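>>> Any chance you can model this:
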Amino acid sequence: MQTEKKIKEIQPKDISELLLTRTADLMSGFYEMQSTFLSGIYKRYKSIETANIILCLAKKMHLEIMRQREKNMNHDISLENFWNNFNNINRPTEKIVSISNMTGIPKETTRRKILSLINQNYVVLNKNNKEYYWNLMSKQQDDYYSIVKNEIEILSKFASTCAAGLDLDVDKNSIVKEIKSQFSFYWYHFLNYQLKWLKMWQDKIKDIDLILIALQAIIPTLQYADKNQNIKDLSLDNLYRIIGRANNQYKFSDTAVSAASISEVSGIPRATCIRKLEWLVKSGMLIREVKTKRYFINQLTSKRTNTILTKENVLFTIENFSEYLVVILNSIQRNRL
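From the prediction side, this is the model:
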């Protein structure tokens, strides 16, 4: 009699607890993933807020592709078959008010940005129902696949690191393979959790391009904390104390970033970066070094946690994406049975 195989079913709280106790090393990887994703959509659409509208429409498209399995359980929803799916299904549409509610972008701003996207052929108006759908042109096919494959690689690297922390036998290559084979399923959920995260920022600070800029200061800070040999406890609570230490224990030069480097990574024009960096300085999150004109995380905890680096925001981020990682890791384990 064969023994039934069992998987190590994980829950969102398992991943959340892991990220809270290993904040410096794991969350630096997460924020690098987010930086790559956000800079990619910024470079394509020149605004994360505008890109958010595309994410809503793309999410609806992936859901419609998955629904083809209601007619045929074996329907191919892989990345390899995505272009065929995109061109052969009925284009799902969204109303302006629905997009506004999902993104947190004011209705009139949503309307204005959609008109701009229509002029650039990224969005099309369905004249029958006066709703809108995502448009991908043939000339964008190679770029789309290149961008998505890169995002899958970075996502899989982060997910595999978390899997190792939970003693799961799930490596990066198996995650890449799984996501590509069931692409629309995983990308629907990926976009869903990205939209929830971006709406949180939209509601709190309105200008979500600030998040992409802030990440460029957060990432080297976490990497510094992770590499510091004198630090044993890398939990979230202790990290707040670590990055609030005195100057002789925390070297600005190790973590400071310039407006030019942020502009290069993010795609945001340098003048715009400087203007938004100054807002982050005035809000208390960053400090500008006078001699080098570089920026680093404010070490005064009471000021630094007034805006972006609040514990509430970090906890929401961890809990939100922990739910997505559970979808990936448990699905891979079930498929092995």
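
>>> make it CA atoms for all contacts and neighbour counts henceforth
Will do.

>>> What residues does the closest residue to E323 other than its chain neighbours make contact with?
Sequence neighbours aside, P12 is the residue nearest to E323 in space, at 5.1 Å (criterion: CA to CA, 6 or more residues apart in numbering). Applying CA atoms under 8 Å, 6 or more residues apart in numbering to P12 gives the contacts E319, S322, E323, L325, V326.

>>> Name the nearest of those relative to T93.
Distance ranking of the contacts of P12 against T93, using CA to CA, places E323 first at 26.7 Å.

>>> The closest one: which element?
Per DSSP states H and E: E323 is located in helix 311-335.

>>> Other residues contacting that helix?
Contacts with helix 311-335, where a contact means CA under 8 Å, 6+ apart, come from 7-13, 15-16, 19-20, 159, 163, 170, 174-175, 178, 186, 189-190, 193, 196-197, 305.

>>> likewise stretch 97-107?
With contact meaning CA under 8 Å, 6+ apart, stretch 97-107 is reached by E49, N52, I53, C56, I96, T110, L195, K196, L198, K199, Q202, D203.

>>> quick check, nearest of those residues to A259?
E49 (21.1 Å).

>>> so the closest one touches I208, yeah?
Yes - in this structure, E49 is within contact of I208 by CA atoms under 8 Å, at 6.6 Å.

>>> Report how many residues lie close to the residue nearest to T110 when sequence neighbours are not counted.
Once flanking residues are discounted, T110 sits nearest to S100: 6.2 Å by CA to CA, 6+ apart. The local packing of S100 (other CA atoms under 10 Å) involves 19 other residues.

>>> try K311
That count, for K311 with other CA under 10 Å as the rule, works out to 15.

>>> can you map out the strands along this structure?
For the chain, the strands defined by DSSP state E occupy 123-126, 131-134, 286-288, 295-297.

>>> ok, now which ones touch H62?
With CA under 8 Å, 6+ apart, H62 has these contacts: S184, F185, W187, Y188.

>>> how about G40, what does it touch?
The neighbourhood of G40, defined by CA under 8 Å, 6+ apart, consists of I147, S266.

>>> pLDDT wise, what is it at?
Looking at G40, its pLDDT is 90.

>>> Distance-wise, check it relative to C273.
Distance, G40 to C273, by CA to CA, to the nearest Å: 16 Å.

>>> One more: I89?
I89 is 41 Å from C273, by CA to CA.

>>> Looking at the two, which one has more neighbours?
Taking other CA under 10 Å, I89 and C273 do not tie; C273 has more neighbours (22 against 12).

>>> Please enumerate the helices of the stretch 1-150 of the chain.
Under the criterion DSSP state H, counting those that start in this stretch, the stretch 1-150 of the chain carries helices at the ranges 12-21, 23-45, 48-66, 82-88, 96-103, 107-119, 141-165.

>>> May I see those helices arranged in a markdown table, with distance to K291 as well?
Listed next are those as a markdown table, based on distance: least, CA to CA, whole Å:
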| stretch | distance to K291 |
| --- | --- |
| helix 12-21 | 35 |
| helix 23-45 | 27 |
| helix 48-66 | 32 |
| helix 82-88 | 51 |
| helix 96-103 | 40 |
| helix 107-119 | 40 |
| helix 141-165 | 35 |
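
>>> do you know which of the ones you listed lies nearest K127?
Of the helices of the stretch 1-150 of the chain, nearest to K127 by CA to CA is helix 107-119, at 12.9 Å.

>>> any idea of the angle the closest one forms with helix 48-66?
With axes from the mean of the first three to the mean of the last three CA atoms, to 10 degrees as the basis, helix 107-119 and helix 48-66 are set at 70 degrees to each other.

>>> hmm, back to that, go through the strands of the chain and pick out the most buried.
Among the strands of the chain, ranked by average contacts under mean count of other CA atoms under 10 Å, first place goes to strand 295-297 (a mean of 25).

>>> So for that one, mean pLDDT?
81.

>>> go on, stretch 88-107?
The average pLDDT within stretch 88-107 is 93.

>>> buried stuff in that stretch?
Using 16 or more other CA atoms under 10 Å as the test for burial, stretch 88-107 gives R91, P92, T93, E94, I96, I99, S100, M102, T103, G104, I105, K107.

>>> where in this structure is pLDDT low?
1-7, 225-253, 299-309, 337 (pLDDT under 70).

>>> What count of nearby residues applies to E264?
Neighbour number of E264 under other CA under 10 Å is 12.

>>> how much space between it and L155?
For E264 relative to L155 (CA to CA), the value is 22 Å.

>>> Cheers, nothing more for now.
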